[in-house]
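Visitor: No sequence on hand, only this structure:
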Ligand code: SAH
């Protein structure tokens, strides 16, 4: 397994369609693409020489221009509650994080899409790391590859990772092409074969990209709403200043039109003490979401060093929950998992070589509010 950046094509960067086109150009038959995808993503083989149904000549000619390159695991940490966190180092030295969360009826892998994040949501620790770049397809799908290889090396064993959520570091819709190619491998029966209802992309609400996503792939959607009016959401999720709530809800309606994985949208709502968690906010939320098929997921805020916010009390979360439920909404409260290994939502920070001015921005914000 090679980790260093080289000029060779990384076979893990290819969706099945891209693999077909690549092999066709080289004069190979289309079924070779299926064989390769199976070796790479079902049998988790990272060595061309182990691909025994591919002729020696074809392997040799592939090896001249292509390789199989995965991120390097620098940390593989298990939590007392079964949660698992990996820190992965990329060829350029940046680090990203991936988290596995086992539950009674499923196992969910939380996958990163960017090195850091270019958005500046004030309650998220990834935002403070700044932003470096988009992840490549191999760096995205490599997270699932590594997690599966660790947790379920036998492709015929019971499935350990049943769900993927694009809820790690980054805004997936700002890396749309690579995220779509990686998700297409997650869904592909020759690769990971996950159900489209069990692959969920979470977005802060990049409206034009929501429309493009909907046209190109059928997966489930979660939206980081977090605020029940524009004044509040402008502060918590500043991209709201560009894509305000009313337009976001309209985009959600468009997203649900037609396709199978789209019975509802999950609305994520982080519970911040004294900020967005009053009875009035709950009623406002009911009004905002009226007529849209949603599940509301209340997320108790996960604190991180130097944050300005506090988690709402359990009583407050319960009360908020009841107001929504009494109005007939489907509501769940996210259990906090893995916080003893800094693997909970909003705690993923990696090691980002910041190229934005985000760290400066947050330092200033702290001075102003101190
Ligand atoms: N950028 C995407 C993907 C991140 S998903 C998005 O915004 O949806 C991670 C989820 O955890 C989002 O809903 C995010 O808003 C939420 N989150 C971020 N920081 C958090 C924190 N400190 N505590 C709880 N949830 C947080």
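Guide: Yes, it's here. Here the structure is a predicted model, which is why all the values come from computation and not from measurement.
Visitor: What residues sit buried inside the longest strand along the chain?
Guide: The residue-count maximum for a strand in the chain (DSSP state E) belongs to strand 95-103. Using 16 or more other CB atoms under 10 Å as the test for burial, strand 95-103 gives 95, 96, 97, 98, 99, 100, 101, 102. The C-beta positions use only the backbone N, C-alpha and C, and glycine is treated the same way.
Visitor: hmm, whichever helix or strand comes after it touching the ligand?
Guide: Using DSSP states H and E, the helix or strand that follows strand 95-103 towards the C-terminus is strand 106-110. No. Judged by CB under 6 Å from any ligand atom, strand 106-110 and the ligand are separated, with a smallest distance of 7.9 Å.
Visitor: contact partners of stretch 184-202?
Guide: 15-17, 34, 37-38, 40-42, 106, 137, 141, 144, 148, 161-167, 172-173, 179, 183, 213, 217-224, 260-261, 266, 268 (CB atoms under 8 Å, 6 or more residues apart in numbering).
Visitor: Mind doing that once more with 7 Å?
Guide: With CB atoms under 7 Å, 6 or more residues apart in numbering as the contact definition, stretch 184-202 has outside contacts at 15-16, 34, 37-38, 41-42, 141, 144, 162-167, 172, 179, 183, 213, 217-222, 224, 260-261, 268.
Visitor: Show me these that map onto strands.
Guide: Among those, the members falling in strands (DSSP E) are 163, 164, 165, 166, 220, 221, 222, 224, 268.
Visitor: So which of these would count as near the ligand as well?
Guide: Within those, those near the ligand by CB under 6 Å from any ligand atom are 224, 268.
Visitor: From the ones in strands among the contacts of stretch 184-202, list the buried ones, please.
Guide: The buried subset of these - by 16+ other CB under 10 Å - is 163, 164, 165, 166, 220, 221, 222, 224, 268.
Visitor: Is it possible to get JSON lines of those residues that adds pLDDT?
Guide: JSON lines is the format used below for those (pLDDT from 0 to 100):
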{"residue": "163", "pLDDT": "98"}
{"residue": "164", "pLDDT": "98"}
{"residue": "165", "pLDDT": "98"}
{"residue": "166", "pLDDT": "98"}
{"residue": "220", "pLDDT": "95"}
{"residue": "221", "pLDDT": "97"}
{"residue": "222", "pLDDT": "98"}
{"residue": "224", "pLDDT": "98"}
{"residue": "268", "pLDDT": "98"}
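Visitor: First-to-last residue distance for stretch 168-178?
Guide: For stretch 168-178, the first and last residues are 15 Å from each other (CA to CA, to the nearest Å).
Visitor: scratch that, stretch 144-163
Guide: Stretch 144-163: ends 10 Å apart by CA to CA.
Visitor: Can you pull out the residues in contact with that stretch?
Guide: So stretch 144-163 is contacted by 41-44, 70, 73, 76, 86, 88, 98, 100, 106-109, 111, 164, 186, 192, 198 (CB under 7 Å, 6+ apart).
Visitor: Stretch 43-52 too?
Guide: 1, 39, 59, 62, 63, 68, 70, 145, 148, 149, 153, 155.
Visitor: Would you mind listing the buried residues in that stretch?
Guide: 44, 45, 46, 48, 51.
Visitor: Residue 66 versus the last one, what's the distance?
Guide: Taking CB to CB, to the nearest Å as the measure, residue 51 falls 12 Å from residue 66.
Visitor: got the residues of the stretch 201-350 of the chain near the ligand?
Guide: 202, 203, 204, 224, 268, 270, 299, 301, 302, 345, 346.
Visitor: Tell me the one of those residues nearest the ligand?
Guide: residue 346 (2.0 Å; CB to the nearest ligand atom).
Visitor: Just list the residues touching residue 139, thanks.
Guide: Residue 139 makes contact with 71, 90, according to CB under 7 Å, 6+ apart.
Visitor: Relative to the ligand, how far out is it?
Guide: 16 Å (CB to the nearest ligand atom, to the nearest Å).
Visitor: Over to residue 190?
Guide: 28 Å.
Visitor: What average pLDDT does stretch 246-255 get?
Guide: Stretch 246-255 shows a mean pLDDT of 96.
Visitor: Check the offset of it from the chain's centre.
Guide: 21 Å (CA atoms, centre = their mean, to the nearest Å).
Visitor: Please apply the same query to stretch 287-299.
Guide: 21 Å.
Visitor: Renumber starting at 53 from here on
Guide: That works, and once the first residue is 53, the last one we named lands at stretch 339-351.
Visitor: Identify each buried residue in that stretch, please.
Guide: 340, 341, 346, 348, 349, 350, 351.
Visitor: now stretch 105-125
Guide: 106, 110, 114, 118, 119, 120, 121, 122, 123, 124.
Visitor: Just send the buried residues of strand 147-155 back as a markdown table, with distance to residue 73 and pLDDT too.
Guide: Shown next, in a markdown table, are these (distance: CB to CB, whole Å; pLDDT from 0 to 100):
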| residue | distance to residue 73 | pLDDT |
| --- | --- | --- |
| 147 | 32 | 93 |
| 148 | 28 | 94 |
| 149 | 32 | 93 |
| 150 | 29 | 96 |
| 151 | 33 | 94 |
| 152 | 33 | 96 |
| 153 | 36 | 93 |
| 154 | 37 | 93 |
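Visitor: Including distance to residue 291, could the buried ones among the ones in strands among the contacts of stretch 236-254 go into TSV?
Guide: Output for those, formatted as TSV (distance: CB to CB, whole Å):
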residue	distance to residue 291
215	26
216	23
217	20
218	16
272	21
273	16
274	15
276	9
320	14
